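**Student:** Quick check, what structure comes out for this input:
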Amino acid sequence: MGERLREGLLGFRALARDNDGNIAISAALVSPLIIAALALGVDYGSLTLQQREMQQAADLAAIAAAANLADPEQATFDYFQMNGLKIPVATAKGLLTETGLVPYDPNEVPAILATVTPGRYTADPALSVAARFVRTRSQADAARVEIHGKGNLYFASAFAEPPSLGAVGTAAANKVAAFSIGSRLASLHDGILNSVLSGLLGTTVDLDVMDYRALLDTQVNALGVIDALAVDLGLTALTYGELLETDIAYGNLLRAILGTSGLEPRTRTALEALVRTASKTKLTLKLAEIIGLEPLSHNLVGSSDFMALDLEVFELLTTAASAANGQSQIDLDLGAKVPGLASAKLSLAIGERAVVSPRSAVGAPGTIIRTAQTRLAIEITSEGLLALAGIKVKVPVYLEVAYAEAKISDVICRSASNVPYVKVEAVPGIVELALGEVNSKAFANFGTTPRVTKANLVAAPLLGIDAIAHVTATNMDKRTLIFSAADIKDGTLKTISTSDTLTSLQTSLLKNLDLDIRLGPLSIASPKAIQSALSDTLSALTVPLDKILYNTLLTLGVRVGEADIRVTDARCMQSVLVQ
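**Tutor:** The predicted model follows:
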């Protein structure tokens, strides 16, 4: 017995030390847990895929709905049908299904359901994402599609309820418009225009009034000019955004304009003369300073989709000249080029546009364009009248025009006619006109206001007259201009203005003079007679002063107290997803 017991103990110890088969036993014990984990993993992966497919369906259905806002529910259902998705769509009359329109009981929700909400979308970063889409069927330009349904479980369905899945897609019409802000004045004086343009280009420009009229009367598509410029310079592989940030010689821009088809002979002659003049200057500019193309910035040059950003040739070349100049102040001696004046000296300061805004643009709602802030200091002299006969009268005038601006507030896409119309909010520049001596040190510094002090109008042995006057044109509230399809087709120019024009401002200025009259030891006239004679002299200067101001500001694309707005194209293009 003892021997057998000893052998048994030895056998048990050997068996205890034997590890063969341990892994199989452990695997058998944990295999149910592994299988359960794998099953849950398969279900989780399946739910993730279902959620992704549902979101994709919601996004693409929203694009389809936004493209057909006349009946967004039907457009959504048609998209589902074309892609083999069996998702009913809720409408006010019932459910759109494969079998037709069936009654819809909100208490009996199907396994999966789509709802469509038309509305208006505002792409304003200042608004929260939730506030950008507003539900409405009136002038809707966007659609939101929501899909809700139960997920499918394969293994976990034995012990868990299928979870609810949901996806939301929002799309809006891709709305853009082409518009510009500038001025168009009728009183042309080639001497002044040549002097100002020569000052901007740093060379000599010699065009006559008919040349300038031809440039004013001719329009070109700025996008076509940009495309032609890219071809001439071999830059067709760039995007519009890259090309607009490239330094371009002013002469190359003129040659691209000259290459535009359909130019009248007089316009072509004027441009050829300017091209010869530009060959003497090395001025360059970035087109982004004068033209904005944000919606097309990532498109390759030449793919502008035939958008028409129509600009006057004169406006395009003078705006480019102002941008290429790069100087903040220009001093010109107009000499006796203006009838009625003995002499005229002009100092011109051009400020930067606020936020470096262009003067013309293709943009979506919210796009802003502006003119430049401008300051003019003019010193004119003339022979006196009546009691002032033979005495020169010197009149220093200061004019400041704050930038005018225009903003696309909305592009209304009419789904029935597919002809959009455009709303533009615009405000003219504030005008300040003064008679007095200007602080030359502060004149070109737009961070300060030049200090105007009393000016010595008459300095003679027996007579001295000092004067100062100041007027401002107000009425600066924003005004909404509506451009219909006909306005856009015809390139209709719409103007907003302050309550005063330049001529009335000058009249008010002369009526509000603060005068100091000093007589010598011998009285040659009464102060009242002298004041009357001075008033007659200054009144006679209104017309020649108008010519200087109007023509100078025309070259700069600025109109006193007014802003001219033109919309030349508007498109409601393929809908896009928005946030």
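
**Student:** Tell me what Val134 is bridged to.
**Tutor:** Arg120 (DSSP bridges).

**Student:** quick one: it and Gly366, what's the gap?
**Tutor:** With distances taken as Cβ to Cβ, to the nearest Å, Val134 is found 16 Å from Gly366. C-beta here means a position set from N, CA and C on the backbone, and glycine is covered the same way.

**Student:** Tell me which of those two has more neighbours.
**Tutor:** Gly366 (15 against 11; other Cβ atoms under 10 Å).

**Student:** Neighbours of Arg370, how many?
**Tutor:** Neighbours of Arg370 under the rule other Cβ under 10 Å: 23.

**Student:** where does the stretch 101-250 of the chain dip in pLDDT?
**Tutor:** Of all residues in the stretch 101-250 of the chain, those with pLDDT under 70 make up the ranges 157-159, 183-187.

**Student:** State which strand of the protein is the longest.
**Tutor:** Criterion DSSP state E: the longest strand present in the chain is strand 164-182.

**Student:** export whichever helix or strand comes after that one as PDB, just CAs?
**Tutor:** Remark: after strand 164-182, the chain's next helix or strand is helix 190-201, criterion DSSP states H and E. Below are the C-alpha coordinates for helix 190-201, written out as PDB (Å, rounded to 0.1, in the frame of the first residue of the first chain):
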ATOM      1  CA  ASP A 190      -8.200 118.200 -70.500                       C
ATOM      2  CA  GLY A 191      -5.600 120.500 -69.000                       C
ATOM      3  CA  ILE A 192      -6.500 119.600 -65.400                       C
ATOM      4  CA  LEU A 193      -7.100 115.900 -66.300                       C
ATOM      5  CA  ASN A 194      -3.700 115.700 -68.000                       C
ATOM      6  CA  SER A 195      -2.000 117.400 -65.100                       C
ATOM      7  CA  VAL A 196      -3.500 115.100 -62.400                       C
ATOM      8  CA  LEU A 197      -2.900 111.900 -64.400                       C
ATOM      9  CA  SER A 198       0.700 113.000 -65.200                       C
ATOM     10  CA  GLY A 199       1.300 113.600 -61.500                       C
ATOM     11  CA  LEU A 200       0.000 110.100 -60.700                       C
ATOM     12  CA  LEU A 201       2.100 108.400 -63.400                       C
END
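
**Student:** just how off-centre is helix 190-201 within its chain?
**Tutor:** 29 Å (Cα atoms, centre = their mean, to the nearest Å).

**Student:** in the helix or strand following it, what's buried?
**Tutor:** The helix or strand immediately downstream of helix 190-201 is helix 209-217, counting by DSSP H and E. For helix 209-217, burial by neighbour count (16 or more other Cβ atoms under 10 Å) applies to 211-216.

**Student:** Show me what helix 209-217 is packed up against.
**Tutor:** Helix 209-217 sits against helix 190-201, helix 265-278, strand 310-312, helix 313-325, with contacts defined as 3 or more Cβ pairs under 8 Å, 6 or more residues apart in numbering; DSSP states H and E.

**Student:** quick check: domain ranges of the chain?
**Tutor:** As given by automatic domain parsing, the domain ranges for the chain are 54-162, 175-182+338-574, 190-327.

**Student:** quick revisit: could you dump the buried residues of helix 209-217 to a markdown table with distance to Glu379?
**Tutor:** What follows is these, written out as a markdown table (distance: Cβ to Cβ, whole Å):
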| residue | distance to Glu379 |
| --- | --- |
| Asp211 | 29 |
| Tyr212 | 25 |
| Arg213 | 29 |
| Ala214 | 32 |
| Leu215 | 29 |
| Leu216 | 29 |
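
**Student:** now the strands: where do they sit in the stretch 401-550 of the chain?
**Tutor:** 405-412, 421-427, 431-435, 437-438, 452-453, 455-460, 463-473, 479-483, 493-497, 514-519 (DSSP state E, counting those that start in this stretch).
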